[in-house]
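K.L.:
need coordinates for the following:
(chains A and B)
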Number of protein chains: 2
Amino acid sequence: MEDKIYTSYPPLLNPAQKEFLVATIKNWATQNGLLVRPAPTFVPKEVDPSGVLATNAPVTLFPSPFPKSCFDEAKALQTVYNRLYAAITCNEEWIGKIMEDLIDVDDFISHLWKVHLSVKKEGYSQTLSLGLYRSDYMVHAPSSSTTASLKQVEFNTISSSFGGLSSLVTSLHTELLTAPPGHSITYPSHPLFNSNTPPENPAVESLSAGLAAAHNAYGPSKATPALPTCILFLVQENERNTFDQLALSRQLTTVHKIPVFRLLSSEILDHTSIPNSNPSRPLIYSPPHAPDTQFEVTTAYLRCFYAPSDYKSERDWEARTHLERSAAIKCPTVLNQLSGCKVVQQVLAETTGPDHLASFLSDTDPATVARIRETFAPQYDLSSSGRGRDLALNVETAMNHVLKPQREGGGNNIYKEAIPDFLRSIPESEWKRWILMELIRPPPGAKNVALRTDGEVLSGDVISELGVYGTILWDQADGKISHNEQGGWLLRTKSKDVNEGGVATGFSSLDSILLY
Amino acid sequence: MEDKIYTSYPPLLNPAQKEFLVATIKNWATQNGLLVRPAPTFVPKEVDPSGVLATNAPVTLFPSPFPKSCFDEAKALQTVYNRLYAAITCNEEWIGKIMEDLIDVDDFISHLWKVHLSVKKEGYSQTLSLGLYRSDYMVHAPSSSTTASLKQVEFNTISSSFGGLSSLVTSLHTELLTAPPGHSITYPSHPLFNSNTPPENPAVESLSAGLAAAHNAYGPSKATPALPTCILFLVQENERNTFDQLALSRQLTTVHKIPVFRLLSSEILDHTSIPNSNPSRPLIYSPPHAPDTQFEVTTAYLRCFYAPSDYKSERDWEARTHLERSAAIKCPTVLNQLSGCKVVQQVLAETTGPDHLASFLSDTDPATVARIRETFAPQYDLSSSGRGRDLALNVETAMNHVLKPQREGGGNNIYKEAIPDFLRSIPESEWKRWILMELIRPPPGAKNVALRTDGEVLSGDVISELGVYGTILWDQADGKISHNEQGGWLLRTKSKDVNEGGVATGFSSLDSILLY
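P.N.:
Below you'll find the model as predicted:
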């Protein structure tokens, strides 16, 4: 069944069909805000000095087939994953132990940890913590005889993106499947299309509801005199994925009636302040366009500060510390960001030693804990005592693995037979900078066609990654959870020969799914 | 009151306010489809060979003040205007007499008339006729002591555009006036902004409802065997105003559940046909992307074929004739298009001779007819017997006039003191090609700031033109009207030194209004 689905999909397009479909998608994307700002390699600055141009987000022409059992399982586990990462974040001592080992491996992590320690020393002024998460998976189908299963690629605890655009891609594919009304002829016919549309995708609603929950939980103004409150989106300079973020702020403004402002991370220290005289440390935002007005920030939503490259100077670290010590609810806190490190995922997946997973989920029934564990791909550090070394140095076993840098945001992965030679080419003291992970084997033969942001249309073999969004609001002081929801999803599909690269770089596309 | 409003408006922007407002508008326009394709002078074809880029439509940063009395009057008169132009279109003999005089002046009009005559000879197969109109006005305020009145600039009976984008501009300005929720600080404060937002603008809903009314009135398929039905949008090649049109087709598809297709005027003869064997002459559309499928066109909506430049060869005239003789309801028919000629407006405005206006509106109370007449600016032909010659050749009276070419889509206007010399520089036999119109004097001192499609921000003295949309469906056989509605409006604002040029050329902006 599965093999057949992938080998006969998507239906072939003749030139007239392709032209119509591509033109329809270009227009739909533009009319509905499924857009990004163009890369400077596509539109040089001198063509558009004031930055008005936009282009379609990279999208697939067709939704991709996806096993219903895997999709349902990913959704079912999301609120458990939310609780797991809240529990990890509440266990500062446990995180601290892991950080100790990482400090000389990763100066980014080390710097983040220092921010936490300095705020801890002063005392946190806000115990509420908001997580807007995305758990990323691949379908693991090592052979056509085995049942497809779900394996986690990573768990994002900061700046989980594409919820806004992903909802739109779902709408786009749904419209293409059902257009025109009563006579679906936009796509060539295919068995998978019969009365089938992508599952609903409330990513915008659920992510915004998470932010609104934090805003409301903040309570009345802590400033004297009291100030009106707002949510602040902290964003990167030269952000091209603006419309993904604006989908959330539009929802917050129009549905939840909450003021939202955007502020560049480089301008945090210019336009926000914490009154020295106020022990509650409210974060005050003074909009530069309305200098007589001040707002108190209930929720600082970070769409920046997630990668080492976001910290260009000491001033950026100062800004991060400034946010962290304020009374604003952070999405996320530094501790919560650290819980999303690759090393945490690897420690949780360890099959020897203490069962961290079970202890973090001690109030969860063992069957559910086992289902979470089922989503872990086997992964190992390369300590001399561990199994990782044996698997990595033997070409036969290395063939089934990928070597990932421990360091966040750093370097390329090493694949399969290249692993033993690579390790022997670097000093053994460096090996602890790497994690060995068993390769996830997605369904072979999957194909799709993508419209890139520069208008190029490419087709070929693809690999897809499912992301499921979750939101959680909890109190770090007592671990009490006041909001925990699963909502919305993302499918990213990239051509098979591309091993790295996020969607925004144009090497991969936003997609949606048809369940089978 | 009025003087004061215009001289103190809009409020001044400091650099931070301007930067914020422009950035907010750019993002809002892009997120919400208030977009156009960029002109090749802005983005050369080689930068974007596949045509994926879009830019904001040209918009004003602020809504413009507009007298409530004039706005209300324009809306109140629209259904009367709809009836007037339906009645004119039903009087083929009357139109014919006017056309006789024009045939050697204007070969475009002459060509259109011949299309009508040839279809008349064969016999029309469809008596229903759909009008999607826009009546354009300026506020006439010759001095600060006189009350502002409404003067008609033109009445559009074909391809009345900008309904889709105009609704969006109204939403944009409304959001800017009320953002963020509860604390309006996006604009600097100004008395006109107090609890004031633009009137509602249901242009998309009303124009789409007009098209849907025609679609439903068409009745069951006339083909054998019966075919599914659709509305066909006939569009120009290299259209940059696509998203204005798509706002209507999205409404038709999602709300009215009617299939809509777009077809280039140059491809009408390739993809539509009328079966010779069928005396009802259904117009059959074969989508090139689904060659096994056929649709019967209930309504042919022309967003092309309105200007002489739309007819590049005899094949385009053939395509127009093909549509005209088909059973599809035309929006508009050739006769209805001809009723919108400048000369018709001038004949209606004549104060000597037969009272054409009163006879076309014979079933309307005289007070309403008088209100329609009030909206006419005095205008004259330059026949030897008429008053026009005297007014045009005397510099003192010429100062109060503009000379407009009789010919549709041809040449520039001649203004004020340049008129006498201009007329004397051309042979008297050519004078009948021109109409003399009394200048409309808009409120002096009106100012605004505009964001152009290339991102430039310009401010200065402006002139605004209000368009009011109306839709009407009637039967040419008996004049019976089955749908007659007013709905939605457009404000176009251009910088004062620009005398010509539509919005799409970038010399003028889409705007909305604040009533006073």
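K.L.:
CA only for contacts and neighbour counts going forward, please
P.N.:
Will do.
K.L.:
phi and psi next, for the residue lying closest to A:R452 once chain neighbours are set aside.
P.N.:
Nearest non-adjacent residue to A:R452, counting by CA to CA, 6 or more residues apart in numbering or on different chains: A:P58, 4.5 Å away. The phi/psi pair for A:P58 (degrees, to the nearest 10) reads phi -70, psi 120.
K.L.:
just A:A392 next, same as before
P.N.:
Here is the backbone geometry of A:A392 (degrees, to the nearest 10): phi -80, psi -30.
K.L.:
dump the residue contacts of it.
P.N.:
A:A392 sits next to A:A398, A:H401, A:I419, A:P420, A:L436 when contact means CA atoms under 8 Å, 6 or more residues apart in numbering or on different chains.
K.L.:
pLDDT score assigned to the third one?
P.N.:
Right, A:I419. Here the pLDDT value assigned to A:I419 is 96.
K.L.:
can you name the residues in contact with whatever helix or strand it lives in?
P.N.:
Assigning secondary structure by DSSP states H and E places A:I419 in helix A:418-425. Contacting residues not belonging to helix A:418-425 are listed as A:A392, A:L393, A:N394, A:V395, A:A398, A:V402, A:L403, A:I414, A:W431 [CA under 8 Å, 6+ apart].
K.L.:
buried residues, stretch A:208-223. List them.
P.N.:
Under the neighbour-count criterion of 16 or more other CA atoms under 10 Å in any protein chain shown, stretch A:208-223 has A:208-215, A:217-218, A:221-223 buried.
K.L.:
break chain A into its domains for me.
P.N.:
Domain assignment for chain A, taken from automatic domain parsing, gives A:2-374+A:440-515, A:379-438.
K.L.:
let's test this: mean pLDDT of the first one, rounded?
P.N.:
Which is domain A:2-374+A:440-515. Domain A:2-374+A:440-515 carries an average pLDDT of 94.
K.L.:
helix, strand or coil for A:D270?
P.N.:
At A:D270 the chain is in helix, as set by DSSP: H, G, I helix; E, B strand; the rest coil.
K.L.:
I'd like the distance between it and A:L128.
P.N.:
From A:D270 across to A:L128, the span is 25 Å (CA to CA, to the nearest Å).
K.L.:
so which of these two has more stuff around it?
P.N.:
Higher neighbour count among A:D270 and A:L128: A:L128, with 24 against 12, using other CA atoms under 10 Å in any protein chain shown.
K.L.:
picking up where we left off before, hey, C-alpha coordinates of the helix holding A:I419 in PDB?
P.N.:
What follows is helix A:418-425, C-alpha atoms only, in PDB (Å, rounded to 0.1, in the frame of the first residue of the first chain):
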ATOM      1  CA  ALA A 418      32.300   9.300   5.900                       C
ATOM      2  CA  ILE A 419      31.900   9.100   9.700                       C
ATOM      3  CA  PRO A 420      34.900   6.800  10.600                       C
ATOM      4  CA  ASP A 421      37.400   8.700   8.400                       C
ATOM      5  CA  PHE A 422      36.100  12.000   9.700                       C
ATOM      6  CA  LEU A 423      36.500  11.100  13.300                       C
ATOM      7  CA  ARG A 424      40.100   9.700  12.700                       C
ATOM      8  CA  SER A 425      41.000  13.000  11.000                       C
END
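K.L.:
what about that helix, distance to the chain center?
P.N.:
Between the centre of helix A:418-425 and the centre of its chain there are 30 Å (CA atoms, centre = their mean, to the nearest Å).
K.L.:
mind listing what's buried along it?
P.N.:
Of the residues in helix A:418-425, A:A418, A:I419, A:P420, A:L423 count as buried by neighbour count, 16+ other CA under 10 Å.
K.L.:
show me what the longest helix along chain A is packed up against.
P.N.:
The longest helix of chain A (DSSP state H) is helix A:68-90. Here helix A:68-90 touches helix A:92-102, strand A:128-140, strand A:149-156, helix A:334-338, helix A:356-360, helix A:366-374, strand A:457-475, strand A:481-495, going by 3 or more CA pairs under 8 Å, 6 or more residues apart in numbering or on different chains; DSSP states H and E.
K.L.:
run the last query once more with 6 Å
P.N.:
If contacts are counted by 3 or more CA pairs under 6 Å, 6 or more residues apart in numbering or on different chains; DSSP states H and E, helix A:68-90 sits against strand A:481-495.
K.L.:
tilt between the helix or strand containing A:A209 and strand A:128-140?
P.N.:
Assessed by DSSP H and E, A:A209 sits inside helix A:203-217. If you take axes from the mean of the first three to the mean of the last three CA atoms, to 10 degrees, helix A:203-217 sits at 160 degrees to strand A:128-140.
K.L.:
ok, then the element right after helix A:203-217?
P.N.:
Following helix A:203-217 in sequence order, the next helix or strand is strand A:229-235 (DSSP H and E).
K.L.:
now stretch A:467-484, how far from the chain's geometric center?
P.N.:
The chain centre lies 17 Å from the centre of stretch A:467-484; the measure is CA atoms, centre = their mean.
K.L.:
show residues contacting that stretch.
P.N.:
For stretch A:467-484, the surrounding residues in contact (CA atoms under 6 Å, 6 or more residues apart in numbering or on different chains) are A:90, A:127-136, A:210, A:485-490.
K.L.:
spatially central, which residue of chain A would that be?
P.N.:
Centroid check for chain A by CA atoms, centre = their mean gives A:S160 as the closest residue, at 3.3 Å.
K.L.:
roughly how far apart are that one and A:C304?
P.N.:
Distance of A:S160 to A:C304, given as CA to CA: 10 Å.
K.L.:
please apply the same query to A:V119.
P.N.:
The gap separating A:V119 from A:C304 is 20 Å, by CA to CA.
K.L.:
tell me which element the residue nearest to the centre of chain A is part of?
P.N.:
Under DSSP H and E, no helix or strand contains A:S160.
K.L.:
contacting residues for it?
P.N.:
Taking CA under 6 Å, 6+ apart as the test, what A:S160 contacts is A:Y133, A:R134.
K.L.:
wait, is A:D316 part of a strand?
P.N.:
No. The assignment for A:D316, made by three-state DSSP, is helix rather than a strand.
K.L.:
coming back round to it: can you tell me which two in the buried residues of helix A:418-425 are farthest apart?
P.N.:
The largest separation in the buried residues of helix A:418-425, counting by CA to CA, is between A:A418 and A:L423 at 8.8 Å.
K.L.:
quick one: the strands in the stretch 251-400 of chain A?
P.N.:
Applying DSSP state E, counting those that start in this stretch to the stretch 251-400 of chain A gives strands spanning A:260-264, A:272-273, A:284-285, A:295-303, A:329-331, A:379-381.
K.L.:
including distance to B:A290 and mean neighbour count, could these go into TSV?
P.N.:
Shown next, in TSV, are the strands of the stretch 251-400 of chain A (distance: least, CA to CA, whole Å; neighbours: other CA atoms under 10 Å in any protein chain shown):
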stretch	distance to B:A290	mean neighbour count
strand A:260-264	46	17
strand A:272-273	58	20
strand A:284-285	56	24
strand A:295-303	44	25
strand A:329-331	49	27
strand A:379-381	50	24
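K.L.:
chain B contacts on the stretch 151-300 of chain A?
P.N.:
Applying CA under 6 Å from any CA of the partner chain, one finds that the stretch 151-300 of chain A approaches chain B through A:P180, A:P181, A:K257, A:P259, A:H289.
K.L.:
reformat those as JSON lines; add neighbour count.
P.N.:
Listed next are those as JSON lines, based on neighbours: other CA atoms under 10 Å in any protein chain shown:
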{"residue": "A:P180", "neighbour count": "19"}
{"residue": "A:P181", "neighbour count": "18"}
{"residue": "A:K257", "neighbour count": "15"}
{"residue": "A:P259", "neighbour count": "23"}
{"residue": "A:H289", "neighbour count": "20"}
